[in-house]
Structure formats: C-alpha cells, structure tokens
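Participant: Quick one, structure for this:
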Amino acid sequence: MLDLLQHWQLVTRPFEATWDTRFFFRSTSHQEALDRLAYVVQEGGMNIGMLTGEIGCGKTLTRAVLQASLPAQEHHVIALENSGFAFEDLLAALLRRLGPQGLEIPPSQLARLDLLETLLIKQAQEGRQVVVMLDEAQDMSMQTLHELRWLTNLNGAGQNLITILLIGQPNLRPMVQSCTDVDQRVGLRYHLQPLSLEVLPEYLAHRLHVAGHPHGLLFDASAIAQLHELTRGVPRTVNRLAKLALEYGWTKDAHQITGSHVNAVAQDIALHQAVPLAA
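Facilitator: Residues are numbered from 1 along each chain as shown. Coordinates of the predicted model:
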C-alpha cells in the first residue's frame with residue numbers, strides 16, 4: 001500500500017498547523033487585512049494598527065506574511081507571540097531586541113523608556129523603521145494596554161519612531177475602546193473574516209497545490225459543503241478536519257474525499273472530545 005503522500009500525489013502534508021507562509025491563502029478578507037497592516041507600516045505616521053479575528057482565522061499567518069514582506073534594511077521588526085506581560089517587561093523585551101548583546105536593562109520604567117527612545121532614534125538614523133507586532137494582544141492587562149501610550153509618545157524631532165500592531169481575538173476591540181488614550185491612537189483597524197462556502201474550494205485547492213498535488217481537486221462538492229458546515233469556514237478547523245479526512249480516505253483507498261469521509265471523521269471527533277468541532 002502506498003503511503004499517504006504517495007497515495008494523494010503530494011510531496012508534503014497540506015493541512016499541518018504551521019506558519020509556513022507558502023500556504024497563505026489570499027481570500028478577499030485576508031488580502032485586505034494584509035494590505036491594511038502594510039499600509040500602517042508604510043505610512044509611518046500612524047501610531048497603532050489593530051487586527052482582530054476569531055480563534056483560528058489566520059491572524060498569526062497574516063502577520064507572518066507581512067513580516068516576511070518587509071525589507072530588513074528598512075525595517076526592524078519585533079514580533080512577540082504572547083502579550084500577557086507587564087509593561088515594564090514589554091520594555092525589557094524591546095530593549096533586548098533593539099540593543100547590543102548583553103545590554104544592561106535599567107531597573108526603572110522611566111530609565112527603560114529613555115533608553116528605548118535612544119535606541120529607536122539610532123534605528124531611525126540608520127534608515128530603519130521599528131515595527132512591533134504584539135500577538136494575542138487580548139491577553140494584555142488593561143494597565144499594560146493603557147501604558148502603551150508611552151511608546152507612541154516616543155519621537156525624535158517630531159518623527160514617529162515606532163509602529164505598533166495589535167493582533168488578537170474579538171474581545172480586543174472593546175478592550176481598546178475602553179482605553180481612550182490608546183483608542184485615539186489606533187489609526188487603522190480591521191476584523192478578519194472566516195472563509196465563505198464559495199471560496200473554500202479555492203482554499204483547499206491552494207493548499208493542496210502548494211503541497212505538490214497537480215490540480216488540487218481532492219475534495220468533491222459534498223465534502224466541501226460538509227467541511228464548511230462543520231467548521232464555519234474557520235481555516236484552522238478546516239485544516240484539522242481536512243487533514244483527518246485525507247488520512248481516513250487513504251485508509252479506504254479513496255481517490256477523492258467525499259462528504260461521507262468528512263462526516264465519518266467528524267463523528268469520530270465528536271465521540272472522543274467534549275467540545276464541538278467548531279467551538
């Protein structure tokens with residue numbers, strides 16, 4: 001019996017939970033999110049941009065694609081995967097990323113801000129824009145969120161020295177709105193949408209094609225309909241179910257995934273877990 005990749009004419013697995021930017025699918029919503037975040041960075045005068053979306057909608061991959069697109073000679077990008085720390089710890093993390101190896105971190109918040117401003121000015125003089133990407137920003141405490149305004153106040157000769165991108169789940173929006181000082185500094189915000197039923201076939205075909213399949217048409221119409229109904233078009237959940245459907249179809253020596261394959265996998269998941277597939 002052929003192994004799974006050989007059976008499906010693939011060179012790599014198409015639905016793994018990775019940040020491989022080759023698999024980024026430019027749906028209307030994802031492309032718009034990418035374009036808006038890029039505009040915040042390129043415009044330079046905006047203090048903060050904000051991207052929100054449900055869990056698994058592709059926020060982090062969108063951020064990774066943006067990060068990869070920014071020339072290193074023009075941008076110093078600092079991407080933090082978790083934002084659930086105090087403001088003084090955020091300052092320390094930024095100083096370590098911007099300063100020389102072994103940089104001594106000052107003990108006081110004021111001293112850290114002063115040193116950060118010095119390092120930001122140095123980056124600007126060398127022609128690089130500092131972009132800070134804060135993922136999982138909904139985990140930030142209200143105090144830390146409120147204190148972000150101190151970063152936006154850093155400037156050299158009237159030049160904005162730092163651009164902040166807040167990336168998080170939908171509850172980030174009311175958090176920011178309740179913090180007036182920060183909310184007024186958000187120059188652009190966008191909410192990432194799940195995949196529609198109409199675009200889901202293209203999404204699946206794209207990932208299969210990137211993984212080496214000659215045409216990417218391994219899921220028939222009934223499978224696609226079932227995938228969308230069960231996952232609500234959330235990419236991470238689609239990937240999980242599609243991956244399992246390919247494995248199940250392989251064990252059945254199928255040549256295309258049908259709705260019955262998807263249903264069988266979904267029923268097995270429901271049997272062995274306490275939460276719904278699309279929860």
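
Participant: For the host helix or strand of residue 249, enumerate the helices and strands it packs against.
Facilitator: Using DSSP states H and E, residue 249 sits within helix 235-251. The contact analysis (3 or more CB pairs under 8 Å, 6 or more residues apart in numbering; DSSP states H and E) places helix 235-251 against helix 4-7, helix 200-210, helix 221-231, helix 259-272. Where C-beta positions appear, they are placed from N, C-alpha and C, glycine not excepted.

Participant: How about residues contacting that helix?
Facilitator: Helix 235-251 has contacts (CB atoms under 8 Å, 6 or more residues apart in numbering) with 4, 7-8, 13-17, 25, 55-58, 194-195, 200, 203-204, 207, 218-219, 223, 227-228, 230-231, 256-257, 261-262, 264-266, 268-269, 277-278.

Participant: check contacts around the nearest residue to residue 259 once chain neighbours are set aside.
Facilitator: For residue 259, ignoring the flanking residues on the chain, the nearest one in space by CB to CB, 6 or more residues apart in numbering is residue 222 at 3.2 Å. The contact partners of residue 222, taken as CB under 8 Å, 6+ apart, are 258-260.

Participant: same thing but at 10 Å, please
Facilitator: Residue 222 is in contact with 257-263, counting by CB atoms under 10 Å, 6 or more residues apart in numbering.

Participant: Per-residue pLDDT of it, please?
Facilitator: We have a pLDDT of 98 for residue 222.

Participant: can you check residue 43 too?
Facilitator: 88.

Participant: mind listing what it touches?
Facilitator: Listed by CB under 10 Å, 6+ apart, the contact set of residue 43 reads 49, 160, 163, 187-188.

Participant: do residue 198 as well
Facilitator: 228, 233.

Participant: do you know how far it is from residue 27?
Facilitator: 10 Å (CB to CB, to the nearest Å).

Participant: Mutual contacts of those two, please.
Facilitator: Shared contacts of residue 198 and residue 27, defined by CB under 10 Å, 6+ apart, comprise residue 233.

Participant: Let me know how buried residue 51 is, in neighbour terms.
Facilitator: Applying other CB atoms under 10 Å, we find 28 residues neighbouring residue 51.

Participant: cool, residue 244 as well?
Facilitator: By other CB under 10 Å, 18 other residues sit near residue 244.

Participant: Check which element follows the strand or helix carrying residue 145 along the chain.
Facilitator: Assessed by DSSP H and E, residue 145 sits inside helix 142-147. Counting by DSSP H and E, the next helix or strand C-terminal to helix 142-147 is helix 149-152.

Participant: send the alpha carbons of that next one over as PDB?
Facilitator: Only the C-alpha atoms of helix 149-152 are listed here, as PDB (Å, rounded to 0.1, in the frame of the first residue of the first chain):
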ATOM      1  CA  ARG A 149       0.500  55.300  25.000                       C
ATOM      2  CA  TRP A 150       4.000  55.900  26.400                       C
ATOM      3  CA  LEU A 151       5.500  54.100  23.400                       C
ATOM      4  CA  THR A 152       3.500  56.200  21.000                       C
END
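
Participant: quick revisit: in ChimeraX, how would I select the buried members of the contacts of helix 235-251?
Facilitator: Burial among these is assessed by 16 or more other CB atoms under 10 Å; the matching ChimeraX selection reads:
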select :7,8,14,15,25,56,57,58,194,195,200,203,204,207,218,219,223,227,228,230,231,257,261,262,264,265,266,269,277,278
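
Participant: residues of the helix holding residue 145 that come out buried?
Facilitator: Within helix 142-147, the residues that count as buried by 16+ other CB under 10 Å are 144-147.
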